[in-house]
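Asker: Structure, please.
(chains A and B)
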Amino acid sequence: MSVRYFAGAAAEAGTDEEQITLMVPPPLTLATLLDEVTARHGAGLARILAACSFIVNEVTATGERTLDDGARVDVLPPFAGG
Amino acid sequence: MGTRPPDPGRSPDGGPSDGEPPDRGPSATGRVAFTAVTDEPLDVARHEAAVGGPASGAVVTFAGVVRDHDGGRAVRSIEYVGHPSASLVLAEVAAETAAGMTGAAGGPGTGADAVAVSHRLGELAIGDAALVVSVAAAHRQAAFAVASALVDEVKRRLPVWKRQVFADGDEEWVACP
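Answerer: This is a model prediction of the structure:
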């Protein structure tokens, strides 16, 4: 699956997008993916993730959302427009 | 967008009715003049012109402008970035606001006539407008109230972020822990 990071999350992860494949027994959830992301990028990103909202395949999602191999996950830090 | 629904405040030939201007309120038209998420500089006057009409006694415009300080520190510039859905979200927020004007969303309606709203992305300098909202209404109370509520809603829901660059070269993503 692909993970896209935006704004401060991208700065902390050091990338805008990455491909992640997880070998875990199904169902794979967004929460499990975020654990892997934290393991890769560290506590700084974990702190940001705690404040983020998430979009899976263009629909807002929370941790229990199940993911398939082709899922596209967007990581959105708190909005700061205006 | 851009087409005006039939307006009960006008005479059958479509021109302005004689005598007293129509008092809007429950019959307010609720038009979204335009919405935009753009890299181009925002034109405040274009927003005002797009919402105004013969029945509008009040046009309120808000411009969110890049300022040269934040939290006591000198700011050099701000970069705004948006999620690909930002244009769609802004159009949705504006449409909901317009529905709220007519009462189509339930309740008596806020009584405003039209809104235009834009957000700019990219590198902005001090004094550049990042967010422009214009609201037209028969009376000022409705225009002020709808403009204020729309700004709040845009800030709450629009997937846009800002990177603030300080005069000393330090930078931060605003609101990001």
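
Asker: Next, please give the residue ranges for the helices of chain B.
Answerer: Listed from the start of the chain, chain B has helices (DSSP state H) covering B:44-51, B:86-102, B:140-157.

Asker: now do chain A
Answerer: Counting by DSSP H, the helices of chain A are A:7-13, A:30-41, A:43-49.

Asker: Give the bridge partners for the residue positioned nearest the centre of chain B, please.
Answerer: When CA atoms, centre = their mean is applied to chain B, the residue found nearest the centroid is B:V133 (2.4 Å). Beta-bridge pairing for B:V133 (DSSP bridges): B:F62, B:V117.

Asker: confidence score at it?
Answerer: As predicted, B:V133 sits at a pLDDT of 98.

Asker: Hmm, it is touching B:D152, no?
Answerer: No. Applying CB atoms under 8 Å, one finds B:V133 not in contact with B:D152, separated by 10.3 Å. Quick note: C-beta positions are derived from backbone N, CA and C, even for glycine.

Asker: Report pLDDT for B:V75.
Answerer: Reported pLDDT for B:V75: 96.

Asker: isn't it right up against B:R163?
Answerer: No. Using CB under 8 Å, B:V75 is not in contact with B:R163; the gap is 11.0 Å.

Asker: Report how many residues lie close to A:E36.
Answerer: 15 (other CB atoms under 10 Å in any protein chain shown).

Asker: Spit out the contact partners of it.
Answerer: A:I20, A:L22 (CB atoms under 8 Å, 6 or more residues apart in numbering or on different chains).

Asker: and if you look at B:A112?
Answerer: Contacts of B:A112 (CB under 8 Å, 6+ apart): B:R24, B:A28, B:G30, B:M101, B:V135, B:A136, B:A137, B:A142, B:A143, B:A145, B:V146.

Asker: what's the answer for B:V133, then?
Answerer: Contacts for B:V133 (CB under 8 Å, 6+ apart) come out as B:H47, B:T61, B:F62, B:V115, B:A116, B:V117, B:A147, B:L150, B:V151, B:V154.

Asker: Also B:V151?
Answerer: When contacts are counted by CB under 8 Å, 6+ apart, B:V151 touches A:G82, B:F62, B:G64, B:L131, B:V133.

Asker: quick one: pLDDT of it?
Answerer: Model confidence at B:V151, given as pLDDT, is 98.

Asker: same check, this time on B:V174
Answerer: On pLDDT, B:V174 comes in at 96.

Asker: ok, for it, nearest residue in space, not its chain neighbours?
Answerer: Spatial nearest neighbour of B:V174, excluding adjacent residues (CB to CB, 6 or more residues apart in numbering or on different chains): A:A80 at 4.2 Å.

Asker: circling back: can I get the helices of chain A in TSV with mean pLDDT?
Answerer: Formatted as TSV, the helices of chain A follow (pLDDT from 0 to 100):
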stretch	mean pLDDT
helix A:7-13	97
helix A:30-41	96
helix A:43-49	96
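
Asker: Comparing those helices, which stretch has the densest surroundings?
Answerer: helix A:7-13 (a mean of 23; mean count of other CB atoms under 10 Å in any protein chain shown).

Asker: Kindly report the residues of chain A close to chain B.
Answerer: Chain A comes close to chain B at residues A:6-9, A:11, A:47-48, A:50-51, A:55, A:58, A:74, A:76-82, as judged by CB under 8 Å from any CB of the partner chain.

Asker: which stretches of chain B aren't confidently modelled?
Answerer: B:1-29 (pLDDT under 70).

Asker: That one against chain A: which residues are in contact?
Answerer: Residues of chain B lying near chain A by CB under 8 Å from any CB: B:64, B:80-83, B:85, B:119, B:130-131, B:151, B:154-163, B:173-177.
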